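This is a predicted model, with the sequence first.
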Amino acid sequence: MRHRLFIANRCRWFVAAVLALVLGAGISSAVRAADEPDLIFRKSTVFKWLTPNDKLATYAIDDPEVEGVACHFTVPERGGVKGWLGIAEEVSDISLSCRQVGPIQFKNKFAQGEEMYRRRRSILFKKMQIVRGCDTKRNVLVYVVYSDKLIEGSPKNSTSSVPIMPWASSEPPPKCADWLEK
């Protein structure tokens with residue numbers, strides 16, 4: 001009898017811990033809702049009879065620290081029952097394209113490899129990140145998207161470069177090297 005009570009208490013503790021993690025993830029994603037990218041479109045890739053299809057979804061996001069740069073990324077979204085319930089672990093195949101869309105203006109200094117955007121890719125441990133760097137020799141912003149897990153990541157990634165060019169003015173464009181943290 002004591003053994004069953006002990007196991008029941010352990011199970012309750014485990015369920016409470018998992019619920020706390022899930023609710024915490026939901027709250028943190030609600031806080032970051034202002035940073036959510038714009039959905040451009042979704043395209044079905046695998047048909048499912050009674051549940052949502054697997055899809056490719058293309059999003060756009062502006063770099064929050066570098067005005068004049070926008071990135072577009074495409075991620076696979078799982079359908080099926082797990083995708084419908086939001087518990088499917090998404091694959092790490094993500095493509096990225098970033099471009100100058102206006103005059104470049106840096107808002108703050110940044111570090112090489114600084115995170116520009118993060119998005120959860122599984123219910124607990126996997127996340128997608130877009131990070132930013134500066135090729136000081138060529139005055140080019142470099143963006144990389146990849147996904148990682150708590151224990152191990154994925155080598156799958158995509159890189160995009162944004163040469164900093166003049167934009168409808170005679171003054172020279174800023175140098176990204178001047179905005180790197182030392």
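Okay, I see it.

Quick check: which ranges of the chain have low pLDDT?
By pLDDT under 70, the weakly predicted segments of the chain are 1-34, 52, 79-92, 121-125, 149-154.

for it, what spans make up the helices?
For the chain, the helices defined by DSSP state H cover 2-31, 80-85.

Check what contacts stretch 96-111 and list those residues.
Residues from elsewhere that reach stretch 96-111 (C-beta atoms under 8 Å, 6 or more residues apart in numbering): 63-73, 130, 132, 134, 141, 143-145, 158-165, 167-169, 173-174, 176, 178-181. For the C-beta atoms, the positions are set from N, CA and C on the backbone; glycine is no exception.

the domain parsing of this structure - what is it?
Split into domains by automatic domain parsing, the chain comes to 1-33, 36-179.

Count the residues that sit near the residue lying closest to residue 173 once chain neighbours are set aside.
Nearest non-adjacent residue to residue 173, counting by C-beta to C-beta, 6 or more residues apart in numbering: residue 164, 4.6 Å away. Using other C-beta atoms under 10 Å, residue 164 is surrounded by 23 other residues.
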